[in-house]
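**Q** structure for this input, please:
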Amino acid sequence: MSNVKGYVSFVLHAHLPFIHHPESEDYLEEQWLYEAISETYLPLLINFTKLEEEKVGFAVTMSMTPPLLNMLDNKLLQKRYIKYLRTHIELAKKELIRTKDNIKENELAKYYLDRYSNDLHLFKDVYDCNLISAFKHFQDIGVLEIITCGATHGYFPILYVNEKTVRAQIAVGVQTYEKYFGKKPRGIWLPECGYVPEADKYLKEFGIEYIITESHGILYANPTPIHGTFAPIVSPEGVIAFGRDIESSRQVWSSINGYPGDFNYREFYRDIGYDAPYDYIKPYIASNGVRVHTGLKYYRITGKDCEKDYYNLQWAQDSVEKQAGHFLDSRVSQINQLAPLTTNPPIVLCPYDAELYGHWWYEGPNWLYILFKKIYYDECNFKLITPGNYIDKYPLMQVCTPCRSSWGANGYSEVWLNHTNDYAHKHLHVAGDKMVELAEKFANETAPIKIRALNQCARELLLAQSSDWLFIITNGTMVDYAKKRIKDHIGRFTKLYNGLIENCIDENYIVFLEDLEEKDCIFPEIDYKIYN
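**A** Numbers count the residues shown, from 1 in each chain. Alright, predicted model coming up:
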């Protein structure tokens, strides 16, 4: 392709909060991981594999966050995912019988049976339960660039009141990446795209070359960037920032006119967990009898304020083909307009939550597959590229300080700091200060049991700092669970802290510590001294 005037860069943010309850199988929130594996991570791997087998060149970037990596590597969660699949296969088989007099539902029941059966085969037999290695393969062959994130997705624009807590989030994020991928990450997806200049020196300390920011983080940088979001900028500390392109994001992300709202696509909210007879579906919904999603959905979006029509796989595929072509044409036009105006060839950055592709937008992974093939085979004026490769090609860029920003509603911090969740921050800040105190006071500690307690303090603090809990409380979904997680982790941290400060490490304390080490087993190699 000789007519390359610019580049398009897809960045998929694969993240879930750490949810691990060995004490019970009744936590519905644990299914977030299983749904994401079946609807997002496996479909992405399937489509990457097809592209590799068809010798179609492509380039894509994914952030795989430390909580997600720790959950994918967890043996208990792997076993529970297999159980989840077997339960869904059983339900799909029953659906073949229940829907035998409805041709369209019966065809879809067969489709789901095949799909979940294939998921089980892939996860258990092909990937040997190791999806991290499966993604690493695509990084190793040069088509996928995996980047890191803050340790538990802690929100830097609020945590930075004690900068050592931001440093720890970055340090553990980098260490976790090195553990699983055998090298340092080049880039980081700032949690919630939350940028503050105070974090730059720690990003540089741990070898981070570039960050992903929201559009206005670049557009309102100081001084104003000459090329807007269509060229990266570099901060005075030497951290390169890529900003989200507004136009391409709107085409995919918008709930009003984005591609996922196509009337031919699968309706997310219409599920047999709510539609099927209660006594029949009861074994497959929440343990307390509350109807929930099962993943078996028979209807398409159809339209607004109308009776839902049945989902048609071919119609959905037709929309995928059409919209992949539309996206391609839109980028060609955009690059044509931009290329004469930029010093280097422009880059259009397209960052999205990975879970949009497959979980929320069921057809999303297939859309990526079709789009990447079109870009490879069609005559167009751009190529796919990763941010790292763009930096290698075009290392000269404008020096600017990005604006404090996030990709939350209204662009700053109100999603994570408002009247619904503001009570939590004083506890998070106090615990952060106490963790730094512990790291300094016990800097030369040699007693194994105290070192274990100090490391667990670090885990509890990091888990409490997850931005997910604050986001959930703001959005009003699963609020009780999110509040419980903040309360539990702060309470556990405080009990461990008091025992260390008071030198009261008795038998009850040790039993308590062992219980936490089993439940909150994230970051097994953590060293509390990162806070010193």
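
**Q** ok, residue 36 - how many residues close by?
**A** By the criterion of other C-beta atoms under 10 Å, residue 36 has 21 neighbours. All C-beta atoms are positioned from the backbone trio N, CA, C, and that covers glycine.

**Q** secondary structure element for it?
**A** Using DSSP states H and E, residue 36 maps to helix 31-36.

**Q** low-confidence ranges, the stretch 201-350 of the chain, go.
**A** Across the stretch 201-350 of the chain, the ranges flagged by pLDDT under 70 are 255.

**Q** and for residue 324, the neighbour number?
**A** Counted with other C-beta under 10 Å, the neighbours of residue 324 add up to 21.

**Q** check residue 53 too.
**A** 8.

**Q** what is the least confident helix or strand in this protein?
**A** None of the helices or strands of the chain scores lower by mean pLDDT, DSSP states H and E than helix 246-253, at a mean of 91.

**Q** just the CA trace of the next helix or strand after it, in CSV.
**A** Moving toward the C-terminus from helix 246-253, the next helix or strand (DSSP H and E) is helix 272-275. What follows is helix 272-275, C-alpha atoms only, in CSV (Å, rounded to 0.1, in the frame of the first residue of the first chain):
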residue,chain,number,x,y,z
ILE,A,272,-34.8,-15.7,28.8
GLY,A,273,-33.8,-15.2,32.4
TYR,A,274,-36.7,-12.7,32.5
ASP,A,275,-39.0,-14.3,29.8
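
**Q** how far off centre is the helix or strand following helix 272-275?
**A** Of the helices and strands lying after helix 272-275 in sequence (DSSP H and E), the nearest is helix 278-281. Here helix 278-281 is found 33 Å from its chain centre; the criterion is C-alpha atoms, centre = their mean, to the nearest Å.

**Q** which stretches in the stretch 251-400 of the chain count as strands?
**A** With DSSP state E, counting those that start in this stretch, the ranges of strands along the stretch 251-400 of the chain come out as 347-353, 382-384, 398-399.

**Q** what's the neighbour count on residue 246?
**A** 13.

**Q** ok, it to residue 403 distance?
**A** Distance, residue 246 to residue 403, by C-beta to C-beta, to the nearest Å: 15 Å.

**Q** so for the helix or strand where residue 97 lies, what gets flagged as buried?
**A** Assessed by DSSP H and E, residue 97 sits inside helix 75-98. By neighbour count with 16 or more other C-beta atoms under 10 Å, helix 75-98 contains the buried residues 77-78, 80-82, 84-85, 88-89, 91-95, 98.

**Q** what is the nearest of the residues you listed to residue 309?
**A** Of all these, residue 95 has the smallest distance to residue 309: 18.8 Å, by C-beta to C-beta.

**Q** where are the low-confidence patches of the stretch 1-150 of the chain?
**A** If you take pLDDT under 70 as the line, the stretch 1-150 of the chain has these spans: 1-2.

**Q** about what we covered before: dump the helix holding residue 36 to CSV, keeping only the CA atoms.
**A** What follows is helix 31-36, C-alpha atoms only, in CSV (Å, rounded to 0.1, in the frame of the first residue of the first chain):
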residue,chain,number,x,y,z
GLN,A,31,-20.3,-13.7,36.7
TRP,A,32,-19.1,-10.4,35.2
LEU,A,33,-15.8,-12.2,34.5
TYR,A,34,-17.5,-15.3,32.9
GLU,A,35,-19.7,-13.2,30.7
ALA,A,36,-16.7,-11.2,29.6
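
**Q** can you give me the strands in the stretch 401-532 of the chain?
**A** Going by DSSP E, counting those that start in this stretch, the stretch 401-532 of the chain shows no strands.

**Q** quick one, helices of it?
**A** Taking DSSP state H, counting those that start in this stretch, the helices of the stretch 401-532 of the chain run over residues 423-441, 448-464, 467-475, 479-501, 507-519.

**Q** for residue 378, find the nearest of those helices.
**A** Comparing the helices of the stretch 401-532 of the chain by their distance to residue 378 (C-beta to C-beta), the top pick is helix 467-475, with 38.7 Å.

**Q** how far does the closest one sit from its chain's centre?
**A** With C-alpha atoms, centre = their mean, you get 15 Å for helix 467-475.

**Q** that one to helix 479-501, inter-axis angle?
**A** Interaxial angle, helix 467-475 versus helix 479-501 (axes from the mean of the first three to the mean of the last three C-alpha atoms, to 10 degrees): 140 degrees.

**Q** buried sites along helix 467-475?
**A** Applying 16+ other C-beta under 10 Å to helix 467-475 flags 467, 468, 469, 470, 471, 472, 473, 474 as buried.

**Q** who touches the helix holding residue 97?
**A** 20, 22, 25, 30-31, 33-34, 37-38, 71-72, 105-106, 109-110, 112-113, 116-117, 119-120, 123-124, 129, 272, 276, 280, 284, 294-296 (C-beta atoms under 8 Å, 6 or more residues apart in numbering).

**Q** for ChimeraX, what selects the buried ones among those?
**A** For the buried members of the contacts of helix 75-98, the matching ChimeraX selection, counting by 16+ other C-beta under 10 Å, is:
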select :20,30,31,33,34,37,38,71,72,105,106,109,112,113,116,117,119,120,123,129,272,276,284,294,295,296
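
**Q** appreciated, that's everything.
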